[in-house]
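Asker: I need the structure of the sequence given here:
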Amino acid sequence: MDWSRRTHFVTPADLAPAEYIPHGLRPFNGADLIAGRPGAERGVWWCFAGARQEDDSALDLTFDDDVLGLRVTVRYAVVPGTDVVRRWTELTCTGDAPVRLERFGSAAVNVPVTDRGARVTHLTGQWSQEFRFTQTLLTRGTLEFGSTQGVPGHAYAPWLAVQDAAYPDRGADTPTYGVALEWAGNWQTAVDAEPGGAVRVRAGRVPHEGAVLLAPGETLVTPALACAFSGEGLDGLSRVWHRFERRLAGDRLARRRPVLYNSWEATGFDVRADHQLALARRAAETGVELFVVDDGWFTGRVDDTGGLGDWEPDPVLFPQGFGRFVDDVRALGLDFGLWVEPEAVSPASKLHADRPEWVYALPDRTGRRVRNQLLLDLGREDVQEFVLATLDRLLGRYAITYLKWDMNRPPTERGRPGAGPAEGLDLDAAHVRGYLRVLDHLRARHPHVTVEGCAGGGGRVDHTTLARTDVVWPSDNTAPLDRLRIQYGYLHAHAPHTMSSWVTDAPGLFDPRPRSLAFRFVSAMSGVLGIGADLGAWSDGQRAEAAEWVARYKDVRDIVHHGETHLLNSPDDPTCGVQSIAPDGSRVVVGALHTGRLDGAPLVPGRPDRLRLRGIDPAARYRDEAAGTEYSGAYLRHTGLGFPWTTDHDAELVVLRRL
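Answerer: Residues are numbered from 1 along each chain as shown. Okay, here's the model as predicted:
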């Protein structure tokens, strides 16, 4: 048989890289768009309709399917000052009948790899174990993950990086591609290793109803997919994302992220004015700048069975009035912050009794309670107005400068009875729009208020949230070695100025090995420092040590939040650390942590654990500001800083000044 005269079953067109694939034209691999008439065959057969370019910063490509009545515009926008391109898609129904959108991805990225396949780095986990750094070798098939919990979720982050497996995974010169979906609701990402060796990443949001009906004349805009590149491996890609997120912060990047004390772990629901003030005094003595009262301050909230929705301070807990209590805290030199959960409602609350229709529900079904609470339908405009009025009242009546927004349950029976066909509601998108509307309102109406995003820990960390909050809470797990792994993954995807990190007394959930107070502080100082321990139970010596660490953190805070970050080793190594270089290169901060055994065995003389620094000038000289020791930049890069760990010395903060 003359094989040269045979046509391969898969055509060259099937193997060619494609920017956006509709089901119908190329159905054999993962489609980005699946659309059709309701009840009819699916498929889009489009023709190129034109291109529009704005300077060198934006490009639109438009395609029309006149039979289906659908116009698709694929959009590109460069993010100035970064190696990031944002991509999204706009779909318009141009016919006289609705179009059913079953899948409407935001964009897809083709990654060049060799026959060794792709190494995919992604962030996995669960509640209290978020942002776990995970790598998968993909040679053929599809790696797919996402969330249908109404938030990005704890199990996977809407972020990933792809490298050619022929390159070393930690190589400083490894080409590395990254994507992050800008969406605070349901989402899906897939990496396809296609026949012929092509690797393609696609991402988009997932409608709760399974599909969305696009009415005549209506346009649906997908979330943007931020696409990044670095030729300096995963470490370099992390800095690309850090620069991008600093741009997201805008002018608010320059505002100070205060050292906070949060009373939750010390008191739980036992919130009493006198006890809270005693904790506030202890916090002020350690140098804390902000005192935050967590859950339990409002009426009906003696435990988690009541109170949510009735957002009024409990007069029994604050007998001299809540305003007087806030003023007493501020008289200590502290700003004041408050915890809220605006999307939740307790079944026993007055709000639920007055407005039962505001809760997600299905006809003839009993709503499940998660954490003894239900979820408000934030996609409804009247619910949004209630939340806005509640927050305006609290922030207008009391001197609150910090708001912690929590969200502790996913939607379960997600419906809006009497509102029409489910596919016409798009409830997930409506909820996200309502959430973002409230955050935008807070920023415009109360610009002095610092907002922290939280969803049972790190369940809602995405670029839409990060663009509208000042910090986020990566995890409810604050145990030292557990938290170190969480923060290691988090800093690969997100900037230090967004990462709220507390020092607490929490024992390890997954790694119970004890660590010192110094270890907890040095780890927390790689982000936005907070304290959540019971300061009333600490000894005088512990509080004095804490005050020293807080003072040291304030000295380097701007470098950590605004400088160039390098992750040195990983928590799997005996010693790891986070290095921050001041924007002008004048100072270098290294937080070093011993993650190995602390069994009292002596180290081999002259062989301490070492961290080789990155990004510094090899021709310059640097002086340790505390010890006075001088090093050449070349020595620090190639030999590194040595740390002679002992059972009493498991963490160190080194600050180097360039001479």
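Asker: make it CA atoms for all contacts and neighbour counts henceforth
Answerer: Noted.
Asker: these two touch, right, Arg42 and Ala31?
Answerer: No - at 11.9 Å, Arg42 does not count as touching Ala31 under the criterion of C-alpha atoms under 8 Å.
Asker: Give me the common contacts of these two.
Answerer: Contact with both Arg42 and Ala31 is made by residues His23, according to C-alpha atoms under 8 Å, 6 or more residues apart in numbering.
Asker: Identify the bridge partners of Gln53.
Answerer: For Gln53, the beta-bridge partners under DSSP bridges are Leu59.
Asker: Does it touch Arg75 like I think?
Answerer: No - using C-alpha under 8 Å, Gln53 makes no contact with Arg75, being 9.9 Å away.
Asker: hey, what's in contact with both of those two?
Answerer: Listed as contacting both Gln53 and Arg75 by C-alpha under 8 Å, 6+ apart are 59-60.
Asker: Looking only at neighbour counts, state which of the two leads.
Answerer: Arg75 (21 against 13; other C-alpha atoms under 10 Å).
Asker: separation between that one and Pro158?
Answerer: For Arg75, the distance to Pro158 (C-alpha to C-alpha, to the nearest Å) stands at 20 Å.
Asker: show me the contacts for Leu15.
Answerer: Contacts of Leu15 by C-alpha under 8 Å, 6+ apart are 195-196, 198.
Asker: Nearest to Arg445, out of these: which one, please.
Answerer: Nearest to Arg445 among those is Ala198, at 48.8 Å by C-alpha to C-alpha.
Asker: Show the residue spans covered by the helices in the stretch 351-500 of the chain.
Answerer: 381-397, 427-445, 463-466, 480-493 (DSSP state H, counting those that start in this stretch).
Asker: In a markdown table: the ones you listed, plus mean neighbour count and mean pLDDT.
Answerer: Supplementary listing: the helices of the stretch 351-500 of the chain in a markdown table, determined by neighbours: other C-alpha atoms under 10 Å; pLDDT from 0 to 100:
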| stretch | mean neighbour count | mean pLDDT |
| --- | --- | --- |
| helix 381-397 | 16 | 98 |
| helix 427-445 | 19 | 98 |
| helix 463-466 | 21 | 98 |
| helix 480-493 | 24 | 98 |
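Asker: Mind putting those into CSV with distance to Val302?
Answerer: Listed next are the helices of the stretch 351-500 of the chain as CSV, based on distance: least, C-alpha to C-alpha, whole Å:
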stretch, distance to Val302
helix 381-397, 20
helix 427-445, 27
helix 463-466, 30
helix 480-493, 29
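Asker: of all those helices, which lies closest to Asp164?
Answerer: Nearest of the helices of the stretch 351-500 of the chain (C-alpha to C-alpha): helix 480-493, 18.2 Å.
Asker: could you dump the helix or strand following the closest one to CSV, C-alpha only?
Answerer: Remark: after helix 480-493, the chain's next helix or strand is strand 500-503, criterion DSSP states H and E. Extracted C-alpha coordinates of strand 500-503, given in CSV (Å, rounded to 0.1, in the frame of the first residue of the first chain):
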residue,chain,number,x,y,z
SER,A,500,-3.7,38.8,55.1
SER,A,501,-1.7,36.5,57.4
TRP,A,502,-2.1,36.1,61.2
VAL,A,503,0.0,35.0,64.1
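Asker: Going along the chain from strand 500-503, find the next helix or strand for me.
Answerer: Counting by DSSP H and E, the next helix or strand C-terminal to strand 500-503 is helix 517-524.
Asker: neighbouring contacts of that following helix?
Answerer: 480, 484, 501-504, 530, 542, 546, 549, 591-593, 650-653.
Asker: again, only this time at 7 Å
Answerer: When contacts are defined by C-alpha atoms under 7 Å, 6 or more residues apart in numbering, helix 517-524 is touched by residues 480, 484, 501-503, 549, 591, 593, 650-653.
Asker: likewise stretch 192-199?
Answerer: With C-alpha under 7 Å, 6+ apart as the test, stretch 192-199 has contacts from 15, 110-112, 115, 138-143, 191, 200-201.
Asker: In helices, which of these appear?
Answerer: Leu15 (DSSP state H).
Asker: Most neighbours of all the contacts of stretch 192-199, which one?
Answerer: Neighbour tally across the contacts of stretch 192-199 (other C-alpha under 10 Å): the maximum, 26 neighbours, falls on Val191.
Asker: okay, and for the stretch 501-650 of the chain, where does confidence drop off?
Answerer: 597-607 (pLDDT under 70).
Asker: all helices for it, in order.
Answerer: 517-524, 540-562, 633-638.
Asker: Dump these to JSON lines, plus distance to Glu385 and mean neighbour count.
Answerer: JSON lines is the format used below for the helices of the stretch 501-650 of the chain (distance: least, C-alpha to C-alpha, whole Å; neighbours: other C-alpha atoms under 10 Å):
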{"stretch": "helix 517-524", "distance to Glu385": "37", "mean neighbour count": "24"}
{"stretch": "helix 540-562", "distance to Glu385": "35", "mean neighbour count": "18"}
{"stretch": "helix 633-638", "distance to Glu385": "56", "mean neighbour count": "17"}
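Asker: got those as JSON lines, with distance to Arg170 columns?
Answerer: Output for the helices of the stretch 501-650 of the chain, formatted as JSON lines (distance: least, C-alpha to C-alpha, whole Å):
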{"stretch": "helix 517-524", "distance to Arg170": "22"}
{"stretch": "helix 540-562", "distance to Arg170": "23"}
{"stretch": "helix 633-638", "distance to Arg170": "16"}
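Asker: Mind listing what's buried along stretch 364-381?
Answerer: Neighbour-count burial for stretch 364-381 flags 367, 373-380 (criterion: 16 or more other C-alpha atoms under 10 Å).
Asker: cool, and stretch 567-584?
Answerer: Under the neighbour-count criterion of 16+ other C-alpha under 10 Å, stretch 567-584 has 567-571, 575-582 buried.
Asker: which residues touch the residue nearest to Ile581 when sequence neighbours are not counted?
Answerer: Distance criterion C-alpha to C-alpha, 6 or more residues apart in numbering; nearest residue to Ile581, sequence neighbours excluded, is Val588 at 4.6 Å. With contact set as C-alpha under 7 Å, 6+ apart, Val588 has these partners: 580-582, 655-657.
Asker: do Ala506 as well
Answerer: Applying C-alpha under 7 Å, 6+ apart, the residues near Ala506 are 478-479.
Asker: how about a cut-off of 10 Å?
Answerer: By C-alpha atoms under 10 Å, 6 or more residues apart in numbering, Ala506 lies in contact with 265, 477-480, 512, 532-533.
Asker: same question, Arg443
Answerer: Contacts of Arg443 (C-alpha under 10 Å, 6+ apart): 437, 449-451, 468-469.
Asker: Any figure for the gap between Phe322 and Asp274?
Answerer: 12 Å.
Asker: same question, Leu611
Answerer: 47 Å.
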